[in-house]
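J.: Okay, here's the prediction I keep looking at, along with the sequence it came from:
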Amino acid sequence: MNNLFYTFAFLLFTLLKINAQNITINESLATLIQENQDTESIIAMDSLIAQIKADDIKEDLIHQTDLKLSKSIFESIHKHVFKDNDSQEKIEVALMNYYPVGVNQQMYQVAFSKKKENVESLEIIYNFLAHSESGTITFSTPLRYWTQSWKAEKISFITYHYRDKIQTERAENFAYKNMVIAKRFKTPPQSFHFYMVRNYQEILQLIGFGYHKNSIGKLRDGYGVVGDAFIFSVMNNEDFSHDIFHYYSKTKHQDKARNWVAEEGIAYSWGNAYYTNNDGEMSEQKELIDILKKHVSEHPEVDVLELFEEHFWKDTSGIYNHLAPDFKVGRLISSIICDEVKKVHGMDGINQLITSGTSPNHFEPFYRITNQLIGLNRKNFNKKVKKLMESY
Ligand SMILES: [Zn+2]
């Protein structure tokens, strides 16, 4: 009996190897899949891997619920693992684990790794949720599975998903900002699902990443707006208005035209400084301006232009160190300038700043527009910005 079984299992493994051309499966898993009569889903899984590899994901393999979210996460696997791959690198996709998680649902844990000159590097471990419904097999992220016992509350256009409780005041503030920012871009406010998570690693787990090589130790970030409708909190804070500004801006302006000195400044002004401070709150523009004003009055010789240009992408000025490690004084200074452009020229001025381009860098086109619109340039920068700061 045993021998017969092993012969059968071996035959099946051979069969699986033939059918699964894009994924390797060890023998015990192949046996398990066969015992549970899930061979069809492994074949579907193999097709999905082929589509991810080719960057050509067909919607009939994606589960209808949250389709755009799943598709965009799967596409991100292509970008990280397969895109611009060095021809000397060998990519291996291996099924590591498999288990049923509910009626007609299975979790497939897949490892993506690269090998070059005998050095192997694990890139991603991803947990695909397979659904078998009326004879078809589709895949999704495991988000709904991991959050099925969570609570939900709708505040205006935002549906918050959370374990315990949310801070309603912050949530209402964000829901309001969502409407204000949409209105400024003359677009209807969008509905979003907002998942409250403790940190970045938890976002990764919820959307399916058991491991991502680019995210080792990353903690304080959010994940942008993914699949056009999903937001994950930055360190469990209900306000995501910084990135909502970037999101609406993207719906209106071509990516390649977007000037990020302007974008970050406006995001600091209309939204917040993106990261939470030591108290778990989002720091807003006014608080950061007060600290900068104090710094300038204590150091009258300070070069504001240097603060702007040298502490924009990364801030080593130390001005906000006591609040949070990631606030950037350069972006705060940009927010003051963008406010003035909006005050004088409204959204027309703001849109000119955003679409001023990136050539030869993000600063020069920004100065070109501020000089045209409010007469602010590198030469008079210190004087003008210090004057603008006074009105806050
Ligand atoms: Zn930003």
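T.: That came through, no problem.
J.: For whatever residue of the stretch 51-200 of the chain ends up closest to the ion, what are phi and psi?
T.: Nearest residue of the stretch 51-200 of the chain to the ion, counting by C-beta to the ion: residue 181, 13.0 Å away. C-beta coordinates here come from the backbone N, C-alpha and C atoms, glycine included. Residue 181 has phi and psi values of phi -70, psi -40 when expressed as degrees, to the nearest 10.
J.: list the contacts for it?
T.: 241, 244, 245, 248, 270, 271 (C-beta atoms under 8 Å, 6 or more residues apart in numbering).
J.: Of these, which ones also sit close to the ion?
T.: Filtering the contacts of residue 181 for neighbours of the ion using C-beta under 5 Å from the ion leaves an empty set.
J.: Of those residues, select the buried ones using a PyMOL command.
T.: Listed next is the PyMOL selection for buried residues among these, using 16 or more other C-beta atoms under 10 Å:
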select buried, resi 241+244+245+248+270+271
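J.: Return the closest of the contacts of residue 181 with respect to residue 326.
T.: residue 271 (14.6 Å; C-beta to C-beta).
J.: Please tell me I have it right and that closest one contacts residue 245.
T.: Yes: using C-beta atoms under 8 Å, residue 271 is in contact with residue 245, at 4.9 Å.
J.: the strands in the protein, which residues?
T.: 24-25, 90-102, 105-116, 119-133, 136-140, 151-155, 158-162, 192-195, 209-212, 225-226, 230-232 (DSSP state E).
J.: Pipe those strands into JSON lines and attach distance to residue 288, mean pLDDT and mean neighbour count per row.
T.: Output for these, formatted as JSON lines (distance: least, C-beta to C-beta, whole Å; pLDDT from 0 to 100; neighbours: other C-beta atoms under 10 Å):
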{"stretch": "strand 24-25", "distance to residue 288": "52", "mean pLDDT": "90", "mean neighbour count": "18"}
{"stretch": "strand 90-102", "distance to residue 288": "44", "mean pLDDT": "93", "mean neighbour count": "15"}
{"stretch": "strand 105-116", "distance to residue 288": "40", "mean pLDDT": "95", "mean neighbour count": "19"}
{"stretch": "strand 119-133", "distance to residue 288": "36", "mean pLDDT": "96", "mean neighbour count": "18"}
{"stretch": "strand 136-140", "distance to residue 288": "40", "mean pLDDT": "97", "mean neighbour count": "20"}
{"stretch": "strand 151-155", "distance to residue 288": "26", "mean pLDDT": "98", "mean neighbour count": "14"}
{"stretch": "strand 158-162", "distance to residue 288": "25", "mean pLDDT": "98", "mean neighbour count": "21"}
{"stretch": "strand 192-195", "distance to residue 288": "24", "mean pLDDT": "98", "mean neighbour count": "22"}
{"stretch": "strand 209-212", "distance to residue 288": "31", "mean pLDDT": "97", "mean neighbour count": "17"}
{"stretch": "strand 225-226", "distance to residue 288": "24", "mean pLDDT": "94", "mean neighbour count": "19"}
{"stretch": "strand 230-232", "distance to residue 288": "23", "mean pLDDT": "97", "mean neighbour count": "25"}
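J.: So which residue is smack in the middle of the chain?
T.: residue 223 (2.4 Å; C-alpha atoms, centre = their mean).
J.: So it sits against residue 201, correct?
T.: No: using C-beta under 8 Å, residue 223 is not in contact with residue 201, being 11.3 Å away.
J.: what about the residue of the stretch 201-350 of the chain found nearest the ion, neighbour count?
T.: Relative to the ion, the nearest point of the stretch 201-350 of the chain is residue 267 (4.4 Å; C-beta to the ion). Neighbour count for residue 267, taken as other C-beta atoms under 10 Å: 25.
J.: and if you look at residue 345?
T.: 17.
J.: begin at 342 from here
T.: Okay, residue one is now 342; in that scheme the one you just asked about reads as residue 686.
J.: how much space between the spatially closest residue to it that is not a sequence neighbour and residue 687?
T.: Leaving out its chain neighbours, the residue that sits closest to residue 686 by C-beta to C-beta, 6 or more residues apart in numbering is residue 714, at 5.4 Å. To residue 687, residue 714 is 11 Å away according to C-beta to C-beta, to the nearest Å.
J.: Name whatever forms a beta bridge with residue 465.
T.: With DSSP bridges as the criterion, residue 465 is bridged to residue 453, residue 553.
J.: Quick check, it in contact with residue 552.
T.: Yes: at 6.5 Å, residue 465 counts as touching residue 552 under the criterion of C-beta under 8 Å.
J.: Contact partners for the closest residue to residue 532 other than its chain neighbours?
T.: Sequence neighbours aside, residue 498 is the residue nearest to residue 532 in space, at 4.6 Å (criterion: C-beta to C-beta, 6+ apart). If a contact means C-beta under 8 Å, 6+ apart, then residue 498 has 516, 519, 520, 530, 531, 532, 533 as its contacts.
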